[in-house]
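Undergrad: Sequence below, structure please.
(chains A, B, C and D)
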Number of protein chains: 2
Amino acid sequence: MLVVMTSWLDPDEQRTWRAYLTASRALMEMLDRELQRDAGMPHAYYEILVRLSEAPDRRLRMSDLADATGSSRSRLSHAAARLEASGWLRREECPTDRRGQVAALTDAGFAALAAAAPGHVEGVRRHLFDALSPAQVDQLRRISETLADHLTG
Amino acid sequence: MLVVMTSWLDPDEQRTWRAYLTASRALMEMLDRELQRDAGMPHAYYEILVRLSEAPDRRLRMSDLADATGSSRSRLSHAAARLEASGWLRREECPTDRRGQVAALTDAGFAALAAAAPGHVEGVRRHLFDALSPAQVDQLRRISETLADHLTG
DNA sequence: GCGATTTGGTTGAACGTTCAACCACCCGAC
DNA sequence: GTCGGGTGGTTGAACGTTCAACCAAATCGC
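TA: Modelled structure (predicted):
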């Protein structure tokens, strides 16, 4: 007889999972709200600006930007439209692929990012790193890297 | 001279933060998509049903339910409306507070949860616990509990 | 008691995300 | 060549969340 067993979570796992859900949701909500309040943008948009600011010539192909920020093409398309309307981003034609678009961070976009960054970084420090010991930071890094690998591999 | 210094993240913290963002986003997206595909509900709604199913008489005051699921009252209100439309939840008047509402899990709601749970639990196991050593699970629990405390305290 | 404040919950609009459909262009097979 | 499939990106509708405004009932101060 073939039995397909779904192994339930044991009490330790259960507790871990619920704590993880609570903590990660609370952390992201807090940072998102702060960023929205202080810089007028959600965290996802902030990340787009960050990635662009780090790219050579502050320019990135739309799909590379989507990969870098871990977002779908559709999501990035909508976000880019909105960021363009705010004057923080400009879309240009790609010289090597006529289908392509290149997202370019504008000066205003860079300025908005420069204004938002210190407060946000301080939030990350306060809400995340200040609560953890150096050993825990290290553990969290290893866990996250393992997990990211596992999920995208 | 008073200088307000924003201490930037050091390279280790930077790496930790980015890995954490990538991993937690990927994990949640995966689980959310699976739940949507297999059970026709987002993870947030699944959690509402779970909390209700664990409550005495499968009933909970709206605000207790909001606290338990870590969601705003507004969010829960909208969610309850939708779950009620699906026949998975019923809202009843509260006998002790005339302003209050009590959310009650219907039999159909319980059945939907029972149908969704095994697949979802298996997803949590596959995408999270299978990737981590027992020691890491323990570390993640401690980190998450510390963090949850820090954020809500 | 009675007015002022707080609490429990809902509502509608604005926003961001998802999903499926779609178009335009690239590339490989033949 | 051109035909077929894959890739890059956009669009609109449906959905879930947020935010501010709001109502009703409870509670507090006096």
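
Undergrad: Quick check: residue A:17 vs residue A:132, distance?
TA: 19 Å (C-beta to C-beta, to the nearest Å). All C-beta spots, glycine's among them, are computed from the backbone N, C-alpha and C.

Undergrad: what does the average pLDDT come to for stretch A:122-138?
TA: For stretch A:122-138, the per-residue pLDDT values average out at 97.

Undergrad: Spit out the contact partners of the residue of chain A found nearest DNA strand D.
TA: Residue nearest to DNA strand D within chain A: residue A:63 (2.9 Å; C-beta to the nearest atom of the strand). Contacts for residue A:63 (C-beta atoms under 8 Å, 6 or more residues apart in numbering or on different chains) come out as residue A:73.

Undergrad: Check the one 3 residues further on too.
TA: With C-beta under 8 Å, 6+ apart as the criterion, the residues that contact residue A:66 are A:72-73, A:75-76.

Undergrad: Report the buried members of those.
TA: Listed as buried from those are residue A:76; burial here means 16 or more other C-beta atoms under 10 Å in any protein chain shown.

Undergrad: Looking at the contacts of residue A:66, spot the one nearest residue B:151.
TA: Set against residue B:151, the nearest of the contacts of residue A:66 by C-beta to C-beta is residue A:75 (26.4 Å).

Undergrad: How much space separates the closest one from residue A:102?
TA: 18 Å.

Undergrad: With residue A:69 instead?
TA: From residue A:69 over to residue A:102 (counting by C-beta to C-beta), the distance is 15 Å.

Undergrad: for DNA strand D, what are the nearby residues on chain A?
TA: For chain A, the contact set with DNA strand D under C-beta under 7 Å from any atom of the strand comprises A:29, A:33, A:36, A:61-63, A:66, A:73-74, A:76-78, A:80-81, A:91, A:94, A:97, A:99-102.

Undergrad: Just the ones in strands from these, please.
TA: Mapping these onto strands (DSSP state E) picks out A:61, A:91, A:101-102.

Undergrad: Which two of those residues have the greatest separation?
TA: Top of the distance list for those (C-beta to C-beta): A:61 and A:91, 10.8 Å.

Undergrad: Now for these two: what residues contact both?
TA: What both residue A:61 and residue A:91 touch, as defined by C-beta under 8 Å, 6+ apart, is the set A:101-103.

Undergrad: any idea of the mean pLDDT in the longest helix anywhere in chain A?
TA: As assigned by DSSP state H, the longest helix anywhere in chain A is helix A:11-39. Helix A:11-39 comes out with an average pLDDT of 97.

Undergrad: Can that helix be said to contact DNA strand C?
TA: No - judged by C-beta under 7 Å from any atom of the strand, helix A:11-39 makes no contact with DNA strand C; its nearest approach is 7.8 Å.

Undergrad: list the contacts for the nearest residue to residue A:26 once chain neighbours are set aside?
TA: Once flanking residues are discounted, residue A:26 sits nearest to residue B:151: 4.3 Å by C-beta to C-beta, 6 or more residues apart in numbering or on different chains. By C-beta under 8 Å, 6+ apart, the contact list for residue B:151 reads A:23, A:26-27, A:30, A:127, A:131.

Undergrad: Please tell me which one of the ones in strands among the residues of chain A next to DNA strand D counts the most neighbours.
TA: residue A:102 (20 neighbours; other C-beta atoms under 10 Å in any protein chain shown).

Undergrad: returning to what we had before: which neighbouring elements make contact with the longest helix of chain A?
TA: helix A:43-54, helix A:107-127, helix B:11-39, helix B:134-152 (3 or more C-beta pairs under 8 Å, 6 or more residues apart in numbering or on different chains; DSSP states H and E).

Undergrad: mind redoing it with 6 Å?
TA: Here helix A:11-39 touches helix A:43-54, helix A:107-127, helix B:134-152, going by 3 or more C-beta pairs under 6 Å, 6 or more residues apart in numbering or on different chains; DSSP states H and E.

Undergrad: what angle do it and helix B:11-39 make?
TA: Computed by axes from the mean of the first three to the mean of the last three C-alpha atoms, to 10 degrees, the angle separating helix A:11-39 from helix B:11-39 equals 110 degrees.
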